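Participant: Give me coordinates for this.
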Amino acid sequence: MTVTTDPAPPPPPSAGAADDGTLAAFGYRQELRRQMGRYASFAAGFSFISVLTTVFQFFAFGYSFGGPLFLWTWPAVLAGQLLVAACFAELAARYPISGAVYQWSTRLSGPAFGWFTGWIMVIGQVVVVAAAALALQVVLPAIWSGFQLAGGDPAPTTATGAANAALLALLLLVLTTVVNVVDNRVMSAINRVGVTAEIIGAVLIVVLLFTHVERGAGVTLRTGGQGGPVAALLVGSFTAAYVLIGFDSAGEMSEETHNPRRTAPRTILGALAAAGVLGGLLLLGGVLAAPSLTDGRLATEGLGYVLTSSLGSGVGRALLADVAVAVCVATLAIQTAGTRMLFSMARDGMLPLSARLSKVSPRTGMPFAPALVVGVLAAALTLLNLASPDAFLAIGTTCIAMLYLAYAGVTAPMLVRRLRGQWPTTDADGRDELGRPLFSLGRWGLPVNALAVAYGLFMTVNLSWPRAGVYDPAGGHWYFQWFTVLFVGATVAAGALCRRRAPAATPAGQPDRTDAAEAAAV
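Facilitator: From the prediction side, this is the model:
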C-alpha cells in the first residue's frame, strides 16, 4: 500500500530575503551591501553625534556666554530631541530606505516639499562634515605642538589657529573620502572600533573628572557669562543643540542594515539616549573639576584645559588622543550619512547628473561619486576658516540650524497626517515582514509629534537669529552676523535652480511607487 503525505510547508523567508523584498516593494533594487548588524547601526548614529567631538568643540562657547548655568540647557535640548527621535523611530520602522529624511518627508507630504527637505538636509550634512573636521584643532595641538602646522597661537579663535584648523581638516577629509569609497565593511569596522573607543574614553573621562571635583553642584545655578539668565539659556543651548544631532543616521543606513524595521528605531533612540547621558555628565564634570571658573581659560580652552590641568599633562593628553579618534570617526560617519542622502535623491532622478551620482560600484558596493562630492564641498567650506576665525562659529551654528530645519520638514507633515487621522494610533496597525508589530508611539503620537514640531521651529529661529555679539563679536563682518540666514536663503535659491535643471523623473513619493508598500507598512 502506498502512503501519501502532504507536502512539507515552504520554509519561512530568511531575514535577508525579507529585507530585500521590503526594499523592492518601495521600487528599489538592493545595490548597497546589507552587512550591518545592530551594534553597527547604533555606531552609525552615535558616531555622528560623537559626544567627545562636539562637547570638546563647543564647551568653551557655551560656558563663555552662559557660565555654569548653561548646563541646564542640556536636559532641555535632550528632551526636545528625544521627541523628534521618537517620531523618526516610527518612520524608520515604516520606511527603511537610505536618504531617510528626504524619503520620509516626501512620503508624508509630496515630491516638491520632500525634495527641498532633502536638499536642505544634504547641504546641512556637508556643513556638519566641515565643522566636525575643523574640531581637530581643538585637540591635536593640545596633544603635541607639532600639530600646529601653521605656527603661532593654536586657539581656534586666532588667525593662526583658524588657518591650522583648515589644514588639519583638509587632511582628514582626504582620508574619510577614501574610506567612504573603499567598502562599507571597512567603514562599518572603523565606526564600531571608533565608537567603542569613544564610549570607553568618555566614561573614563567622566569618572576621572568626578574624582577631581573642586566645588559642589550648586555652582551650576550661577550665570557668570557674557549675558544674563536669558542669554545663558538661549545662546548657551547652542552647545547641546550642536551635540545632539545626527541620530537619524541609523535610518540613513537602513539599506545596509539587517532587519532595519526592527533595528533602526531602537538604535535611533539608543544612540541619542546614550549620547545624552554621557554628554551631560561630561559638561557637569568639566565645570565641577575645573581649577578655576573665573580665570577665563574655561571660556576659551574648554574641557581640554580641565583635562590637562586637573589630571596632569600625561593622562590629559592620552584622553585627548581618544577625543582625536572620535573626531576622525565622527567626520567619517557624517560624510557617510551625507553620501547616502545624495545617493538616495539621485536614485530618484531628482538631481543634475543623477545617473552618475546614483551609480554604486559593483566591486565595493559603495556610491563613489556622492562621497567625492560631499568631501570636496566640505573641504571648500573649511577654507572659510582662512578668511576669519569667526567662520568657525558661523559654520558650526549654520549646520545645526540647517539640520533642525530639515527635521521640521519631516515632523511637520507627519503632524498634519496625524491631525487628518492618516497615521496609525495603535501598535497593531503596522507589522513587519515576520508579523511582528512595528515601533509605534500609539496614542501618545499626537502630543509627542506636536511638541517635536514646536521645539524644532523654536530652536531653528534661536540658532539663526543674527546676534552681533555671538556671530560678529569683533565687529566689521556683517556677513558672519547674518551668515546662517544668508546661507539658508542661498541654499533654497540654489535648490530651486537645481530642481529645475534636474531631469524629469518620478520621485519616490508618487503613488505608483509607494501605494502598495505604504499599505503594507501602515
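
Participant: Show the backbone phi and psi for Gln148.
Facilitator: phi -80, psi 80 (degrees, to the nearest 10).

Participant: Can you get me a residue count around it?
Facilitator: Using other C-beta atoms under 10 Å, Gln148 has 20 other residues around it. Heads up, the C-betas are built off the backbone N, CA and C, glycines and all.

Participant: Which pLDDT value does the model give it?
Facilitator: Here, the pLDDT recorded for Gln148 equals 93.

Participant: What of Asp295?
Facilitator: According to the per-residue confidence, Asp295 scores 87 in pLDDT.

Participant: In terms of helix, strand or coil, where does it fall?
Facilitator: Using DSSP: H, G, I helix; E, B strand; the rest coil, the structure places Asp295 in coil.

Participant: Is Thr398 within a helix or a strand, and which one?
Facilitator: Per DSSP states H and E, Thr398 falls inside helix 390-419.

Participant: and if you look at Gly21?
Facilitator: Assessed by DSSP H and E, Gly21 sits inside helix 15-25.

Participant: so after that helix, what's the next helix or strand?
Facilitator: With elements assigned by DSSP H and E, the helix or strand that comes after helix 15-25 is helix 38-49.

Participant: Can you report how many residues neighbour Phe113?
Facilitator: Neighbours around Phe113, by other C-beta under 10 Å: 16.

Participant: now Lys359
Facilitator: Neighbours of Lys359 (other C-beta under 10 Å): 16.

Participant: Now do the contacts for it.
Facilitator: For Lys359, the contact set (C-beta atoms under 8 Å, 6 or more residues apart in numbering) comprises Pro367, Phe368, Ala369.

Participant: And it, how close does it get to Asp183?
Facilitator: To Asp183, Lys359 is 16 Å away according to C-beta to C-beta, to the nearest Å.

Participant: Next: Ser361.
Facilitator: If you go by C-beta to C-beta, the gap between Ser361 and Asp183 works out to 9 Å.

Participant: same question, Glu301
Facilitator: The value you get for Glu301 to Asp183, if C-beta to C-beta is used, is 39 Å.

Participant: And the two? Which one has more around it.
Facilitator: Glu301 (20 against 17).

Participant: Give me the three-state assignment for Ile245.
Facilitator: Going by three-state DSSP: Ile245 is coil.

Participant: Distance-wise, check it relative to Thr220.
Facilitator: 24 Å.

Participant: Tell me which of the two has more neighbours.
Facilitator: Set Ile245 next to Thr220 and count neighbours by other C-beta under 10 Å: Ile245 wins out with 26 against 17.

Participant: so how many other residues sit close to the residue lying closest to that one once chain neighbours are set aside?
Facilitator: Sequence neighbours aside, Leu403 is the residue nearest to Ile245 in space, at 5.1 Å (criterion: C-beta to C-beta, 6 or more residues apart in numbering). Neighbourhood size, Leu403 [other C-beta under 10 Å]: 26.

Participant: next one: Ser98
Facilitator: Ser98, neighbours per other C-beta under 10 Å, totals 27.

Participant: from what I can see, it looks like it's in a strand, true?
Facilitator: No: Ser98: not assigned to a strand; according to three-state DSSP it is coil.

Participant: can you start the count at 119 instead of 1 from here on
Facilitator: Understood, numbering begins at 119; the last thing we discussed is Ser216.

Participant: Contact partners for it?
Facilitator: Ser216 is in contact with Leu150, Glu370, Met371, Ser372, Glu373, Glu374, Arg458, Met459, Phe461, Ser462, counting by C-beta under 8 Å, 6+ apart.

Participant: same question, Cys205
Facilitator: Cys205 neighbours (C-beta under 8 Å, 6+ apart): Val528, Thr529, Met532, Leu559, Gly563, Val566, Asn567, Ala570.

Participant: residue ranges with poor pLDDT in the stretch 319-468 of the chain?
Facilitator: Across the stretch 319-468 of the chain, the ranges flagged by pLDDT under 70 are 343-346.

Participant: let's see it at 50
Facilitator: Judged by pLDDT under 50, the stretch 319-468 of the chain has no weakly predicted residues.

Participant: Could you do the chain as well?
Facilitator: In the chain (pLDDT under 50), the answer is 119-132, 546, 626-640.

Participant: Go through the helix ranked longest in it and flag the buried ones.
Facilitator: Secondary structure of the chain per DSSP state H: the longest helix is helix 431-465. For helix 431-465, burial by neighbour count (16 or more other C-beta atoms under 10 Å) applies to 434-435, 437-465.

Participant: now do stretch 366-378
Facilitator: So, applying 16+ other C-beta under 10 Å, buried residues of stretch 366-378: 366-378.

Participant: now the residues you listed as a markdown table including distance to Ala389?
Facilitator: Below are those laid out as a markdown table (distance: C-beta to C-beta, whole Å):
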| residue | distance to Ala389 |
| --- | --- |
| Asp366 | 10 |
| Ser367 | 8 |
| Ala368 | 6 |
| Gly369 | 11 |
| Glu370 | 12 |
| Met371 | 12 |
| Ser372 | 14 |
| Glu373 | 18 |
| Glu374 | 16 |
| Thr375 | 13 |
| His376 | 17 |
| Asn377 | 17 |
| Pro378 | 14 |
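
Participant: Please narrow these to those residing in helices.
Facilitator: Short answer: the buried residues of stretch 366-378 in helices (DSSP H) are Ser367, Ala368, Gly369, Glu370, Pro378.

Participant: Looks like the third one contacts Arg379 (just checking).
Facilitator: Translated: Gly369. No: using C-beta atoms under 8 Å, Gly369 makes no contact with Arg379, being 10.9 Å away.

Participant: who touches both of these two?
Facilitator: Ala210, Pro214.

Participant: For the residue lying closest to Gly527 once chain neighbours are set aside, pull up the helix or strand it's in.
Facilitator: Once flanking residues are discounted, Gly527 sits nearest to Thr235: 3.2 Å by C-beta to C-beta, 6+ apart. Assessed by DSSP H and E, Thr235 sits inside helix 229-252.

Participant: could you point out which element follows that helix?
Facilitator: helix 254-261.

Participant: list the helices and strands that next one packs on?
Facilitator: helix 169-184, helix 277-300, helix 421-428, helix 431-465 (3 or more C-beta pairs under 8 Å, 6 or more residues apart in numbering; DSSP states H and E).

Participant: Among the ones you listed, which comes closest to Phe231?
Facilitator: Among the helices and strands packed on helix 254-261, helix 431-465 comes nearest to Phe231, with 13.7 Å by C-beta to C-beta.

Participant: Leaving aside the residues adjacent along the chain, what's closest to Gly270?
Facilitator: Distances taken as C-beta to C-beta, 6+ apart put Thr278 closest to Gly270, at 2.9 Å, once the chain neighbours are dropped.

Participant: Tell me who's in contact with the residue nearest to Ile363.
Facilitator: Neighbours of Leu521 in contact, by C-beta under 8 Å, 6+ apart: Met239, Gly242, Gln243, Val246, Ile363, Gly364.

Participant: In TSV, list those along with distance to Met577.
Facilitator: What follows is those, written out as TSV (distance: C-beta to C-beta, whole Å):
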residue	distance to Met577
Met239	16
Gly242	14
Gln243	18
Val246	16
Ile363	10
Gly364	15
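
Participant: closest to Ile317 among those?
Facilitator: Nearest to Ile317 among these, with distances taken as C-beta to C-beta, is Gly364, at 15.9 Å.

Participant: shouldn't Ala444 be in contact with Val173?
Facilitator: No: Ala444 lies out of contact with Val173 (C-beta under 8 Å); the separation is 9.8 Å.

Participant: Pull the number of nearby residues for Leu564.
Facilitator: With other C-beta under 10 Å as criterion, Leu564 counts 14.

Participant: Let me see the contact set for the closest residue to it other than its chain neighbours.
Facilitator: Leaving aside its chain neighbours, Leu564 sits nearest to Arg536 (5.1 Å; criterion: C-beta to C-beta, 6+ apart). Applying C-beta under 8 Å, 6+ apart to Arg536 gives the contacts Gly563, Leu564, Asn567.
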